[in-house]
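Colleague: no sequence on this one, just coordinates:
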């Protein structure tokens with residue numbers, strides 16, 4: 001509160017700008033919570049498609065907790081985020097009757113998702129990346145593989161608009177990027193293709209390079225300089241490999257290390273420091289393992305905690321990923 005002279009005292013300024021307040025809603029604390037919050041839409045659980053959204057704090061290990069629910073249960077969907085809003089799109093739901101649906105959540109507070117709009121076409125296996133203002137969804141499957149990319153302005157609800165085409169039709173690519181450039185890596189039929197786009201400019205994707213090996217379903221995460229693509233399937237073999245790329249320069253992937261468990265169709269999210277990979281299909285089951293790596297270094301992943309259920313075909317996002325920071 002201001003003092004009687006209308007000037008804030010030093011103690012009041014301290015209370016306002018730190019976590020001292022008993023109600024824990026200082027602007028500094030809220031901003032830190034949003035930046036650290038990672039979300040995972042679980043996708044498919046043992047009982048079928050799920051509407052569950054898990055949350056974690058990327059900066060501290062621990063098990064995921066409940067954030068809220070999607071508007072409908074779905075699997076094999078995409079996720080992306082700005083600094084304030086997460087958007088979930090596509091996925092198999094209601095026999096694909098709602099596979100063009102986009103939902104959004106406010107990252108500052110837990111709760112259920114609201115309707116954002118629709119993709120240009122219904123599809124599952126679509127993947128998403130974003131800058132601080134624009135989200136791009138690429139690829140997918142709708143009776144056949146597609147090369148379609150859509151874009152949205154994250155701050156404004158409404159339907160997606162055509163962005164351009166990937167270099168090849170595919171689904172379940174890894175997607176990640178910097179503030180200016182987005183990468184789509186791997187995908188259907190175990191391709192090793194990596195494409196890139198300039199997020200602010202509509203147009204077709206260009207060839208970036210290749211993954212170390214063909215990969216059906218990696219997940220992507222990034223800082224502003226480096227993109228990581230995690231796990232997947234090579235042929236019929238589930239892999240634990242992590243490839244990394246320097247986003248600003250084209251070229252082939254380099255070995256980063258391994259996930260703690262080989263798995264595919266994971267969800268991933270990141271801040272500028274850590275990549276966190278959640279759940280996923282294992283060789284003979286679906287799992288609940290959450291791993292993390294430090295993006296700027298190389299090495300094997302470490303245990304982070306567990307998701308709220310065994311799941312795969314999910315997606316992840318965070319409000320401080322490489323497209324923002």
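Modeller: Cool, got the structure. As the structure is a prediction and not an experimental result, all values here were calculated from the model.
Colleague: What ranges in the stretch 1-150 of the chain fall below the confidence cut-off?
Modeller: 1-26 (pLDDT under 70).
Colleague: just the strands in it please.
Modeller: 37-41, 44-45, 48-57, 65-74, 78-81, 85-89, 101-106, 114-118, 127-130, 134-141, 145-153 (DSSP state E, counting those that start in this stretch).
Colleague: Verify the stated contact: residue 261 with residue 281.
Modeller: No. Using CB atoms under 8 Å, residue 261 is not in contact with residue 281; the gap is 10.3 Å. For glycine as for every other residue, the C-beta is placed from the backbone atoms N, C-alpha and C.
Colleague: Between these two, which has more neighbouring residues?
Modeller: Neighbour count, other CB atoms under 10 Å: between residue 261 and residue 281, residue 281 has more, with 23 against 18.
Colleague: Can you tell me the closest non-neighbouring residue to that one?
Modeller: What sits nearest to residue 281 in space, not counting adjacent residues and going by CB to CB, 6 or more residues apart in numbering, is residue 312, at 4.1 Å.
Colleague: How much space separates that neighbour from residue 137?
Modeller: 20 Å (CB to CB, to the nearest Å).
Colleague: returning to that earlier point: now do the shared contacts for residue 261 and residue 281.
Modeller: residue 287 (CB atoms under 8 Å, 6 or more residues apart in numbering).
Colleague: Show the contacting residues for the residue lying closest to residue 35 once chain neighbours are set aside.
Modeller: Distance criterion CB to CB, 6+ apart; nearest residue to residue 35, sequence neighbours excluded, is residue 320 at 4.1 Å. Neighbouring residues of residue 320 by CB under 8 Å, 6+ apart: 34, 35, 36, 58, 83, 271, 272.
Colleague: Touching, the fifth one and residue 34? I think so.
Modeller: Yes. Residue 83 is in contact with residue 34 according to CB under 8 Å; the separation is 7.0 Å.
Colleague: Pull up the overlap in contacts between the two.
Modeller: 107, 319, 320.
Colleague: Tell me which of the strands of the stretch 1-150 of the chain lies nearest to residue 225.
Modeller: Residue 225 sits nearest to strand 127-130 of all the strands of the stretch 1-150 of the chain, at 14.9 Å, using CB to CB.
Colleague: Adjacent strands (with direction) for that closest one?
Modeller: Strand 127-130 sits in its sheet next to strand 134-141 (antiparallel), going by DSSP bridges.
Colleague: Look up phi and psi at residue 279.
Modeller: With angles defined as degrees, to the nearest 10, residue 279 sits at phi 50, psi -150.
Colleague: how many other residues sit next to it?
Modeller: Quick note: residue 279 (other CB under 10 Å) scores 31 neighbours.
Colleague: With residue 52 as the reference, measure out to it.
Modeller: Distance from residue 279 to residue 52, by CB to CB: 11 Å.
Colleague: Can you check which residues contact both of the two?
Modeller: What both residue 279 and residue 52 touch, as defined by CB under 8 Å, 6+ apart, is the set residue 42.
Colleague: got the buried residues for the lengthiest helix in the chain?
Modeller: The longest helix of the chain (DSSP state H) is helix 27-36. Across helix 27-36, burial judged by 16 or more other CB atoms under 10 Å covers 29, 33, 34, 35, 36.
Colleague: How about stretch 200-214?
Modeller: Residues 205, 208, 209, 210, 211, 212, 213, 214 are the ones in stretch 200-214 that count as buried (16+ other CB under 10 Å).
Colleague: In a markdown table: those residues, plus pLDDT, distance to residue 87 and secondary structure.
Modeller: Shown next, in a markdown table, are the buried residues of stretch 200-214 (pLDDT from 0 to 100; distance: CB to CB, whole Å; DSSP: H, G, I helix; E, B strand; the rest coil):
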| residue | pLDDT | distance to residue 87 | secondary structure |
| --- | --- | --- | --- |
| 205 | 98 | 20 | coil |
| 208 | 98 | 24 | strand |
| 209 | 98 | 28 | strand |
| 210 | 98 | 29 | strand |
| 211 | 98 | 26 | coil |
| 212 | 97 | 30 | coil |
| 213 | 97 | 31 | coil |
| 214 | 97 | 29 | coil |
